[in-house]
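Chemist: With the input below, show me the fold.
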Amino acid sequence: MKKLIPLSLFLCPILCLALTASAADKGAVVKPPKGFTALFNGKDLTGWWGASTEDPRKWMALPPEEFKKKHDASLEDIAQHWRIEKGELVNDGKGLYATTEKNFRDYELLIDYKTVAKADSGIYLKGVPQVQIWDWTKEGGKWKSGADKGSGGLWNNSPGAPGKDPRVRADKPFGQWNHFRIIQCGSRTWVWFNSRLVVDGAIMENYFGRPKPKAPPPAVTDPIAPIPPEGPIQLQTHGGEIRWRNIFLREIPAAEANKLLRGSDPKGFKSVFNGKDLKNWAGPLDCCEVKDRAIVWKDKKGGTIYTKEQYTNFVARLEFKLPPGGNNGLAIRYSGQGGAAYDAMCESQVLDDNYEKVRGKIDPRQAHGSAYAMVPAARGYQRPIGEWNYQETTVTGSTMKVELNGTVILNCDLSTVTETMGNKPHPGKDRASGHFGFAGHSDPVHFRNISIKRLK
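Modeler: Numbers count the residues shown, from 1 in each chain. The predicted model follows:
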């Protein structure tokens, strides 16, 4: 993945002049809650530009000069359709969407809006649509699209997918302000609408990653396309006036995000590492040691350690931390003999996402989260080196799903794999059960908070 362009590099002085408040509004004071930053200052659109419903990865990948042209060209449209009144950001229902200059990864967003009959709108998260805003009345004419269920859902999720429809309808009558509180960690999204929880930790699907109509299905060797790891907040314009105010954001640090993603282990999860020693583990245990309640590989030591218990279908939860260029792996349904990459169902790779910068080129099927040498995972979702990452790996029958820091980066069926890296056979691929373990490759990789839930 190309490095995302930090939009703050392109702050244009004329943006501050493109939208200015009336003389009566120049004294407006915006006071964010403790820990939050005001994205809208109540006076002008400093920190915003204009974009439409377009894949943010495309403009993030533009060369700096080309992006600056796109960015600056949007300001005329923004000035035409957006204005500031009494400290409120007002759109006439037309034009480009107000888009933050800055990209965000894990965050909590607070925002108020007020709209009119027949209008609908939305809030794009990381540049992807959207937390839906409806005219929820029958007179609005959009009950067939789901407006009767109310605002706040992830409307572009697949039919029947968690989060597509809000859990309750909590819209206030026209003329009153509505309030959103939105938390997003990776793709996991929580939405409170007028203090009611309407989306509870659902995965936000990537509108821009959907297969095109009549297009052939993706190959097994194509990585899935989640929403970007980071991106802007966008305020959609759609057919009627909408007003926004009190737009505040708090970036969530890694430790807090991991805790939120894990929650409290629900019934059925069992810790398989006590944080003190390797009791109930087997294999070459001298290749690693326990430090600060984590399993740590000794430098220059390799080998696969594994649980004494065996598993068929399961979910494994854990946290890991990598050194630069770090390499390890999860041994999935391991027999206890041979190498996890070929003799187990698979080795789910644990690898520095920037491995090439340290040690050289790799095959996409070697990237972090991949079913090693068989199916590639999406990249770019690790936290910076030195921070703990949270991961869930679900194994059911011949399928495996890997969720990293709140984003599903792999969802595959190994029974469909016909091509492997180097055409090397994987005799363990069809194993129905085995041990869970770690395949060390001589790097000081850390693992902690390891628990497993058996599935039927």
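Chemist: how far away is the closest residue in space to T312 that isn't next to it in sequence from T416?
Modeler: Using CB to CB, 6 or more residues apart in numbering and skipping the chain neighbours, the partner closest in space to T312 is S433 (4.3 Å). Bear in mind the C-beta positions are built from the backbone N, C-alpha and C, glycine included. S433 sits 20 Å away from T416, going by CB to CB, to the nearest Å.
Chemist: Please apply the same query to G440.
Modeler: The spacing between G440 and T416, counted by CB to CB, is 29 Å.
Chemist: Between the two, point out the one with more neighbours.
Modeler: Between G440 and T416, counted using other CB atoms under 10 Å, the more crowded position is G440 (26 against 12).
Chemist: Pull the contacting residues for that one.
Modeler: C287, C288, W297, K301, G302, G303, T304, I305, N328 (CB atoms under 8 Å, 6 or more residues apart in numbering).
Chemist: Write down the beta-bridge partners of the third one, one by one.
Modeler: It stands for W297. C288 (DSSP bridges).
Chemist: Could you verify my assumption that it touches P284?
Modeler: No - counting by CB atoms under 8 Å, W297 sits too far from P284 to count as a contact (11.0 Å).
Chemist: what about these two, which has more around it?
Modeler: Neighbour count, other CB under 10 Å: between W297 and P284, W297 has more, with 25 against 12.
Chemist: pLDDT wise, what is that one at?
Modeler: Note for W297: predicted pLDDT of 93.
Chemist: what do you get for T137?
Modeler: T137 is given a pLDDT of 87.
Chemist: Then P211?
Modeler: 73.
Chemist: Same check on G146?
Modeler: The model reports G146 with a pLDDT of 87.
Chemist: Phi, psi for the nearest residue to it once chain neighbours are set aside please.
Modeler: Of all residues not flanking G146 in the chain, D165 sits nearest, at 6.3 Å (CB to CB, 6+ apart). Main-chain torsions, D165, degrees, to the nearest 10: phi -110, psi 140.
Chemist: and D165, what does it touch?
Modeler: Applying CB under 8 Å, 6+ apart, the residues near D165 are G146, K149, G153.
Chemist: one more time with 10 Å
Modeler: By CB atoms under 10 Å, 6 or more residues apart in numbering, D165 lies in contact with 132, 146, 148-150, 152-155, 157, 159, 198-199.
Chemist: Give me the subset of the residues you listed lying in strands.
Modeler: Here DSSP state E is the test, and those give Q132, V198, V199 as lying in strands.
Chemist: Secondary structure element for H435, which one?
Modeler: For H435, the element it lies in under DSSP states H and E is strand 434-441.
Chemist: what about this protein, any weak spots by pLDDT?
Modeler: The chain contains residues with pLDDT under 70 at 1-28, 214-215, 265.
Chemist: Which residue ranges of it form helices?
Modeler: Here the chain has its helices, by DSSP state H, at 15-18, 56-60, 64-81, 254-262, 340-343, 355-359.
Chemist: mind putting these in TSV, distance to P223 included?
Modeler: Converted to TSV, those look like this (distance: least, CB to CB, whole Å):
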stretch	distance to P223
helix 15-18	36
helix 56-60	13
helix 64-81	25
helix 254-262	21
helix 340-343	19
helix 355-359	16
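Chemist: Now K126: closest residue in space, sequence neighbours ignored.
Modeler: G231 (3.1 Å).
Chemist: Also N327?
Modeler: Nearest to N327 is H441, by CB to CB, 6+ apart, at 4.2 Å.
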